[in-house]
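A.B. asks: using only what follows, build the 3D model:
(chains A and B)
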Amino acid sequence: MYLLLNENNLCNYYDLDKSPGLKAKGKFLTERYAYLEDEATIRQLIQFQSDEQINVTFSIPQMHCSSCIYLLENLHRIEPGVKQSQVNFQQKEVFIIFNPQETNLRKVVELLAFIGYEPYISLNDTGTKTKSTANRRQIYKIGVAGFCFSNIMMLSFPEYFSAGNIGVAGLKETFSWIIFGLSLPVLFFSASDIFISAGKGLRQRFLNIDTPIALAIIVTFARSYYEIIGGQGAGYLDSGSGIVFFMLIGRWFKNKTYDSFSFDRDYRSYFPLGVTIIENGEEKNIPITQLQKFNRVIIRNEEMIPADAVLMKGKANIDYSFVSGEHASVEKKKGELIYAGGKQIGSAIELEIIREVSQSYITQLWNNDIFVNKKNEDRSFIHPWSRYFTLVLLSVAIATAIYWAVFDHSQLWPAVTAVLIVACPCSLLLSATFTYGNMLRIFGRNKLYLKNASVIESLAKIDSIVFDKTGTITQTNMAVIQYEGLPLSSHEMAVIKTAARQSSHPLSKIIASSDNDMPEKLLTIDQFKEHTGRGLDAVVQGISVKMGSVGFIGSDNEMITPDTGTSVHVVLDNIQVGKFAVQNQYRPGIGEMIGQVKKQGKNLFVLSGDNDAEGSNLTEIFGANTQLHFNQTPQQKLDFIKEQQQKGNQVLMLGDGLNDAGALMQSQVGIAVSDNSAQFSPASDAILDGSRVSQLDRFISFARAGKKIVTASFILSIAYNIVGLSFAVQGLLSPMIAAILMPASSISIVLFVSLYSSFVARNKGL
Amino acid sequence: MSALFVLIGISILVAGGFLAAFLWSVSKGQYDDDYTPSVRILFDDELKKTTTVSNSKTITQTK
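C.D. replies: Presented below is the predicted three-dimensional model:
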């Protein structure tokens, strides 16, 4: 029950329960969303507008439990202006209808932020609507193909069982014509994507995997129509539509992506949409795109600095965790340069912009070519196969044609078309799509979310691995907490944790979530006040708690050892009892993983933006022969990857911060490591949950096994093809055998690859 | 045997009806979200805030 309370606390029920301490949190938000009153911004965000209602959809990454759904769907009780709110949990979206006469967009967003579900607003991510309609179109196609396929199959049975001699007059013809009619939507609607893709390939003089399939479909349907119109038989439309149906299912399976992830975000998705500037002594909200050099901007608590700037007024305390993954905040003095991407913690500051947003230190990376030219994705090893396959198939067909042209003219067309139909490469395609689809699912179950199936192939080819330090091989959220000082009772610990839980500072969060073998109790808070960037003041069940930096606590007790890392000092009832020392903690299992990866013969590198203080620790983990590079700028990281690639290496990069974004993009496979996969991740090929970094070696070897699985199933399907072809070239293949052989081979291959890949995954411990 | 022709026509009509129903439900967005409705149905429509909060807790517990 306490655990539940705790979870509900995360869900911020206490905001609803009128906890006075948290109301203050709402205050600084008031100016933060001022840009949402700008007409142009509103128009871009909303979906529908009339005098009485506005429809808008927000993405809310914090949504994580059923209580969240409850709270979000009951918004109308808190704010009567909201008429309806509906959650889509898997997309992590909430659809809200509100009455603009009673409330406005800004108030709705503020309400959401206030109850703990700050919407993720970005003008960059407005393509969600088109995505869902494209998805539906695919489902329509599968539905139509499935309907036609099953009905054609049913109507074909009489033909099979009577071996082509149906006794009742007119029945056979009726069946044939109904089948004919049913096959048209399959050919022209369901299979259209295959033809389009094959056509595109041909125009670029490239035989992709769809070319032989398109050819087979055309031949199958053409011959069947010829037979039906000529009154000779029912053709092969059952297997023809079967191919289309299975292939569409295979593609849907493979393309089933992770809806709530976004792999293509650039800095624009993370930066604020609007800023407050001072012009002629007046505050004014402008969209960030209009921000110019020499503008004076006001940055309030928790707001992000949009462009490189110089501090003019106020006390700056900048948290660069968004950029570097490091949680300790940096104090800046007047006149000092502040880089974009940092967050101000504390009171409002005034800055003068010295570089435009796109020219700033962190964002200029995106001007690099790699962000303009997308990686060449379609270089799968299946394509060369499909090219050979098509060539071999065509030469067999031609040889058959020549043979029958010489010996028996009447057999020529039946034999040639039978060759093309029976050798349908769909089993080739099915094996790859189903293998990779199943592997994507297995990776996802292990919290490695790949952008698409081609990443698996790239991952299999990797020979060098580059690690970022902070946040990747060290834990940011789970830093080690060591308490030093007077012994505390479990009740006192609970008091400290309760107080820390109320604060939004990263260090407080670490303390609140730390596991100091004490019972999880939630105590009532009598008073709470946060001194942002410095510490907190609280009264919990009559005990006064004061936590924060040395300066905030005010005294410096001799019994406490000098600070080595970041620490939080604690005062209980005016007695300084001790401190929590926070240290970077390497993720468990990293050492083992490194050993395994080395055994696989990979080159390892570490690139860190920090100084070399951790050098000796890293050498211990990685061994003496691993290159460690410190004080790396984002550009240097990118260049390092490029340099490795020029040596012919296939590079895998693991990183977490925005400063790794360039390197992630440049590398063959960029994996963004995130402790909260719903929240922040730079553009990448894959998103890996932080707790699973230690399984990297298994992921790589599983990806390599994937190629073997596909090859094995290729061999199997080629065996099928050889058997089928050997009958077909002799003109012996009856429609019935062809019709049975084809779905049977497709289904057996789908089963084979699914079971085999699941078996391999279990063997590898995934 | 002519009944067969009628029956085939009917069977295709029935199957077509199901296809139409499927396409309609997809277009109405019934397949867009297959998780949230299963949770939503568990929430009671109560007016008092305090009781609803405790209700939703029991729901989390049973999940």
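A.B. asks: low pLDDT regions in chain B?
C.D. replies: Along chain B, segments meeting pLDDT under 70 span B:1, B:44-63.
A.B. asks: could you chop it up by domain?
C.D. replies: B:1-32, B:33-63 (automatic domain parsing).
A.B. asks: close to chain A, is the longest one?
C.D. replies: Yep, that's domain B:1-32 we're talking about. Yes - interface with chain A: domain B:1-32 contributes B:1, B:4-5, B:8, B:12, B:15-16, B:18-19, B:22-23, B:26-27, B:31-32 (CB under 8 Å from any CB of the partner chain). (Glycine included, C-beta is placed from N, CA and C.)
A.B. asks: can you pull the buried residues of that domain?
C.D. replies: Judged by neighbour count (16 or more other CB atoms under 10 Å in any protein chain shown), domain B:1-32 contains these buried residues: B:Ile8, B:Ile12, B:Ala15, B:Leu19, B:Phe22, B:Leu23, B:Val26.
A.B. asks: can you list the residues you listed in JSON lines and add distance to A:Ile115 and secondary structure?
C.D. replies: Below are the buried residues of domain B:1-32 laid out as JSON lines (distance: CB to CB, whole Å; DSSP: H, G, I helix; E, B strand; the rest coil):
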{"residue": "B:Ile8", "distance to A:Ile115": "59", "secondary structure": "helix"}
{"residue": "B:Ile12", "distance to A:Ile115": "53", "secondary structure": "helix"}
{"residue": "B:Ala15", "distance to A:Ile115": "49", "secondary structure": "helix"}
{"residue": "B:Leu19", "distance to A:Ile115": "44", "secondary structure": "helix"}
{"residue": "B:Phe22", "distance to A:Ile115": "38", "secondary structure": "helix"}
{"residue": "B:Leu23", "distance to A:Ile115": "39", "secondary structure": "helix"}
{"residue": "B:Val26", "distance to A:Ile115": "33", "secondary structure": "helix"}
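A.B. asks: tell me which two in those are the farthest apart.
C.D. replies: B:Ile8 and B:Val26 (27.0 Å; CB to CB).
A.B. asks: chain A: which of the buried residues of domain B:1-32 is nearest?
C.D. replies: Closest to chain A out of the buried residues of domain B:1-32 is B:Leu19 (4.3 Å), distances taken as CB to the nearest CB.
A.B. asks: near the nearest residue to the closest one once chain neighbours are set aside, how many other residues are there?
C.D. replies: Leaving out its chain neighbours, the residue that sits closest to B:Leu19 by CB to CB, 6 or more residues apart in numbering or on different chains is A:Phe147, at 4.3 Å. Neighbour count for A:Phe147, taken as other CB atoms under 10 Å in any protein chain shown: 24.
A.B. asks: now do the contacts for A:Phe147.
C.D. replies: B:Ala15, B:Gly16, B:Phe18, B:Leu19 (CB atoms under 8 Å, 6 or more residues apart in numbering or on different chains).
A.B. asks: rerun at 10 Å
C.D. replies: By CB atoms under 10 Å, 6 or more residues apart in numbering or on different chains, the contact set of A:Phe147 is A:182, A:185-186, A:190, A:241, A:245, B:12, B:15-16, B:18-20, B:22-23.
A.B. asks: what helix or strand is the residue in the stretch 301-450 of chain A positioned nearest to chain B located in?
C.D. replies: Proximity of the stretch 301-450 of chain A to chain B (CB to the nearest CB) peaks at A:Gly444, 15.5 Å away. Taking DSSP states H and E as the criterion, A:Gly444 maps to helix A:426-445.
A.B. asks: direction included, what does the following helix or strand past that helix pair against?
C.D. replies: Later in the chain than helix A:426-445, the nearest helix or strand by DSSP H and E is strand A:448-450. Next to strand A:448-450 in the sheet, as set by DSSP bridges, lie strand A:686-689 (antiparallel).
A.B. asks: quick revisit: in a markdown table: the contacts of A:Phe147, plus distance to A:Gln730.
C.D. replies: Formatted as a markdown table, the contacts of A:Phe147 follow (distance: CB to CB, whole Å):
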| residue | distance to A:Gln730 |
| --- | --- |
| A:Leu182 | 31 |
| A:Pro185 | 35 |
| A:Val186 | 30 |
| A:Ser190 | 33 |
| A:Ser241 | 27 |
| A:Phe245 | 30 |
| B:Ile12 | 37 |
| B:Ala15 | 38 |
| B:Gly16 | 41 |
| B:Phe18 | 42 |
| B:Leu19 | 40 |
| B:Ala20 | 45 |
| B:Phe22 | 43 |
| B:Leu23 | 44 |
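A.B. asks: from the residues you listed, pick the one nearest A:Ser745.
C.D. replies: A:Phe245 (14.8 Å).
A.B. asks: quick check: the gap between the closest one and A:Trp252.
C.D. replies: 11 Å (CB to CB, to the nearest Å).
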